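A.B. asks: When you get a sec, could you give me coordinates for this:
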Amino acid sequence: MIMGGLRNKMGKSKLATPDWIKEGYDSPAEYAKAKGIKNKKEKGKTFKIRKCPKCGSYDVGVVLTGEEGKGAKEWECKKCKWKGKDVEEEELSEEQFMKYLDEKGEEVA
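C.D. replies: Got it, this is the predicted structure:
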C-alpha cells in the first residue's frame, strides 16, 4: 500500500517507442546506417596520418629549420621534395589504418 501511494505521487514515467522500431528496422545500427547517422561511440579509434599536398605521398617528415620564434619546423616530402608548413592530414579508421600499414609493409603486432 505504501509503495502504491508513493508511485502515484512521484508520477509514472512514460516510455516512447524508438523510431527505429516504429519504422520497421531490426536494430538501432541498421536504422542509423539507413538514415546516414554516425554515432561517435560506434566509430572506434581514428588515426591521423600526414600526406604531401603536392604529390599525395605519405612519406612526409618534419624538418627543423632553426628559425626560432617562426614556427621552427617545416614539413618535407621525401618523394617530390616539397617543403612547407601546410601539410595535409587524413583521418583513418582503425581498419583503414591497418590496411595502410599492410600496404606500406610495416609489421603489425
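A.B. asks: the strands in the chain, which residues?
C.D. replies: Remark: strands assigned in the chain by DSSP state E are 46-51, 60-64, 73-77, 83-84, 88-93.
A.B. asks: and the fourth one, what other elements does it pack with?
C.D. replies: Using 3 or more CB pairs under 8 Å, 6 or more residues apart in numbering; DSSP states H and E as the contact test, the elements touching strand 83-84 are strand 73-77. All C-beta atoms are positioned from the backbone trio N, CA, C, and that covers glycine.
A.B. asks: how about the strand it packs on as CSV, C-alpha atoms only?
C.D. replies: This file holds the C-alpha atoms of strand 73-77, laid out as CSV (Å, rounded to 0.1, in the frame of the first residue of the first chain):
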residue,chain,number,x,y,z
LYS,A,73,59.6,23.4,-38.2
GLU,A,74,58.6,22.6,-41.8
TRP,A,75,57.4,19.5,-43.5
GLU,A,76,59.3,17.9,-46.3
CYS,A,77,58.1,15.3,-48.8
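A.B. asks: Going along the chain, name the helices of the protein.
C.D. replies: 2-10, 19-22, 28-35, 40-43, 94-104 (DSSP state H).
A.B. asks: Please verify my assumption that Ser93 contacts Lys48.
C.D. replies: No: using CB atoms under 8 Å, Ser93 makes no contact with Lys48, being 11.5 Å away.
A.B. asks: Who has more neighbours out of those two?
C.D. replies: Ser93 (13 against 9; other CB atoms under 10 Å).
A.B. asks: now that one: how far from Phe47?
C.D. replies: 8 Å (CB to CB, to the nearest Å).
A.B. asks: got it, and Trp75?
C.D. replies: Using CB to CB, one gets 18 Å for the distance from Trp75 to Phe47.
A.B. asks: Same drill for the two, tell me which one is more crowded.
C.D. replies: Taking other CB under 10 Å, Trp75 and Phe47 do not tie; Trp75 has more neighbours (19 against 14).
A.B. asks: okay, the more buried one: pLDDT?
C.D. replies: On the pLDDT scale, Trp75 is placed at 90.
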